[in-house]
Structures are given as structure tokens and as C-alpha cells.
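Participant: what's the 3D shape of this:
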Amino acid sequence: MIRRLLIAGAVTFLVLFLVLPIAVVVVSAFSQGWAVYWGAVSDPEALGALRLTLVAAAVAVGVNTVFGLAAAWLVTQYQLRGKNMLISLIDLPFTVSPVISGLIFVLLFGSRSSVGQWCIGHGIKILFATPGIILATCFVTLPFVARELIPLMQTQGNQEEEAAVMLGATGWQLFWKITVPKIKWGIVYGVVLAAGRAVGEFGAVSVVSGHIRGQTNTLPLHIEILYNEYQFSAAFAVATILLIFALLTLVVKRYLELKTGHRGGR
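Facilitator: A predicted model of the protein is given here:
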């Protein structure tokens with residue numbers, strides 16, 4: 001009886017908080033017909049928002065993949081002071097509200113700061129432009145690759161790397177022929193999680209974007225604008241793009257879990 005009650009509770013929770021919201025999005029998206037749906041997803045502003053979202057996500061994932069590799073290599077291969085502090089700093093975006101992280105960039109690059117004044121004086125536009133959106137996206141996705149690789153590399157140890165060094169391998173050979181093959185699935189797993197987070201980011205991007213329609217709106221911001229203008233079917237139609245990306249991310253994530261035996265909780 002207890003097992004049945006637990007199963008029923010879990011199924012009810014999933015239906016109410018996962019299946020039902022997804023069904024509402026899909027039904028609302030097509031509530032006014034295919035023509036309205038297609039018009040919403042093919043609108044130039046929606047396509048521009050999609051393009052900006054993908055650009056910001058691609059740059060952020062690329063930057064954080066390089067950073068994650070470097071940080072994991074440093075933490076696991078070298079003994080250094082402040083290692084725990086470095087790991088805590090990597091985890092900082094997990095603990096800071098996205099809105100607060102956006103405000104940090106506003107204070108850093110705003111017209112009242114010395115950095116912002118220097119950028120304005122040299123014609124460099126950070127806030128309310130694509131660079132600001134990319135920076136905010138990079139910040140909120142910074143930990144994903146590093147936090148996947150650090151425990152993985154710590155578990156694997158560095159015996160193979162030490163053996164390769166004794167046999168005369170260079171640093172470059174050590175990295176590409178020993179380390180990368182061992183952690184390739186961890187890299188892919190972290191990239192998938194970071195990409196999913198980057199595409200759906202709202203809070204930090206909302207603060208730094210300025211909500212300039214057709215220029216600095218990502219898909220989540222474009223959906224908010226449509227919804228606030230009472231274009232509900234159009235808003236849900238565009239939301240299905242994010243829904244498709246989220247489902248694809250879950251499929252890839254599940255595949256990687258089965259492939260590697262890894263169980264990620266983030």
C-alpha cells in the first residue's frame with residue numbers, strides 16, 4: 001500500500017507540474033490554427049530573437065568549455081594554494097540570482113562606472129547590445145562544464161598522465177591523446193547542460209538587454225513581450241521552439257547517461 005501511494009503521488013506530481021504545463025503550451029499554441037502558429041514562429045522578430053539566442057548560447061558554451069577544461073586540468077593535475085576557493089568561485093553563478101548577475105554587469109559597464117565610461121569613450125557598446133547578452137549568458141552557464149569535469153578527473157586519477165610523461169610525451173600529446181579521450185563524454189555532458197541553460201536564460205539577459213524589440217530580445221524575452229501584449233497564441237507558439245529544444249536536450253542528456261553510466265543531478 002505504501003509503495004502504491006508513493007507511486008501515485010509521484011505520477012500525480014509529474015502530471016500536474018510537467019505533463020499538464022507542456023500540454024497547455026502545445027494546445028494554446030495551436031488554439032487559433034496552423035496559420036497563426038506559423039505566422040508567429042516565422043515572424044522576422046521571432047527569427048531574429050532565435051538567431052540572437054543561438055549566437056549567445058554558442059559563444060557562451062564555447063567559452064565555458066575552454067574555461068571548464070582549463071579549470072578542471074588546473075584543479076586536478078596540480079597542487080596549488082586556494083584550490084577550494086577556486087572551486088567555490090566556479091560554483092558562484094549557481095548561488096547568485098540571475099537578476100543580480102545582470103545587475104552586476106549593469107553596474108560594471110554602466111555609464112556611471114569608470115569601465116563603462118571608457119567603453120563609451122572608445123565606441124564599445126556592451127549593455128543593451130549583443131556583447132552584454134553574451135556576457136550575461138557566459139556568467140550563468142560558467143560552472144556546468146567545469147563541475148562535470150572536475151569530479152570525473154579526480155575519480156580517474158592521473159596515473160596514465162604520469163606514465164605518459166615518463167615515456168616522453170609532450171604536454172600537447174598528454175592532453176589530446178590521454179586526457180581528452182578519458183573525459184570526452186563528460187565534456188559533451190557539460191556542453192549539453194550549458195546549452196540548455198543558455199537558451200532558456202531569462203533573468204540576467206532581461207536586465208542587460210534593454211528589451212529593444214527586434215535587436216536585443218532573445219526568445220524568452222520575445223515570448224514575454226508577446227504575452228504582455230495579449231498575443232497569447234503567438235507567445236505559446238514561440239514557446240514551443242524552446243520546448244522542442246528542451247526535449248532534445250533531455251533526450252541527449254538521457255542518452256549520455258546511458259552511454260556513460262553517469263547520473264547528473266544539475
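Participant: if I pick the nearest residue to residue 186 once chain neighbours are set aside, what's in contact with it?
Facilitator: Leaving aside its chain neighbours, residue 186 sits nearest to residue 152 (4.4 Å; criterion: C-beta to C-beta, 6 or more residues apart in numbering). (Each C-beta comes from the backbone N, C-alpha and C, glycine too.) By C-beta atoms under 8 Å, 6 or more residues apart in numbering, the contact list for residue 152 reads 72, 183, 186.
Participant: for the residues you listed, give me a markdown table that also has neighbour count.
Facilitator: Formatted as a markdown table, those follow (neighbours: other C-beta atoms under 10 Å):
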| residue | neighbour count |
| --- | --- |
| 72 | 26 |
| 183 | 20 |
| 186 | 23 |
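Participant: can you redo these as JSON lines with pLDDT?
Facilitator: As requested, those are exported to JSON lines (pLDDT from 0 to 100):
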{"residue": "72", "pLDDT": "90"}
{"residue": "183", "pLDDT": "87"}
{"residue": "186", "pLDDT": "87"}
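Participant: before we move on, back to that, helix, strand, or coil at the residue nearest to residue 186?
Facilitator: helix (DSSP: H, G, I helix; E, B strand; the rest coil).
Participant: can you report phi and psi for residue 142?
Facilitator: phi -60, psi -40 (degrees, to the nearest 10).
Participant: circling back to that earlier point, from residue 184, how far off is the residue nearest to residue 186?
Facilitator: 10 Å (C-beta to C-beta, to the nearest Å).
Participant: just residue 27 next, same as before
Facilitator: Relative to residue 184, and taking C-beta to C-beta, residue 27 is found at 40 Å.
Participant: got it, and residue 129?
Facilitator: Residue 129 is 35 Å from residue 184, by C-beta to C-beta.
Participant: out of those two, which sits in the busier spot?
Facilitator: residue 129 (16 against 11; other C-beta atoms under 10 Å).
Participant: list the contacts of the more buried one.
Facilitator: Contacts of residue 129 (C-beta under 8 Å, 6+ apart): residue 216.
Participant: then the helix or strand harbouring residue 11 to PDB, C-alphas only?
Facilitator: Using DSSP states H and E, residue 11 maps to helix 2-14. What follows is helix 2-14, C-alpha atoms only, in PDB (Å, rounded to 0.1, in the frame of the first residue of the first chain):
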ATOM      1  CA  ILE A   2       2.800   2.400   0.900                       C
ATOM      2  CA  ARG A   3       4.600   1.700  -2.400                       C
ATOM      3  CA  ARG A   4       1.400   2.300  -4.400                       C
ATOM      4  CA  LEU A   5       0.700   5.600  -2.600                       C
ATOM      5  CA  LEU A   6       4.300   6.700  -3.300                       C
ATOM      6  CA  ILE A   7       4.000   5.800  -7.000                       C
ATOM      7  CA  ALA A   8       0.600   7.500  -7.200                       C
ATOM      8  CA  GLY A   9       2.000  10.600  -5.600                       C
ATOM      9  CA  ALA A  10       5.000  10.700  -7.900                       C
ATOM     10  CA  VAL A  11       2.800  10.200 -11.000                       C
ATOM     11  CA  THR A  12       0.300  12.900  -9.900                       C
ATOM     12  CA  PHE A  13       3.200  15.300  -9.200                       C
ATOM     13  CA  LEU A  14       4.700  14.700 -12.700                       C
END
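Participant: in whatever helix or strand comes next after that helix, what counts as buried?
Facilitator: Using DSSP H and E, the helix or strand that follows helix 2-14 towards the C-terminus is helix 20-29. Along helix 20-29, these residues count as buried under the neighbour rule (16 or more other C-beta atoms under 10 Å): 25, 28-29.
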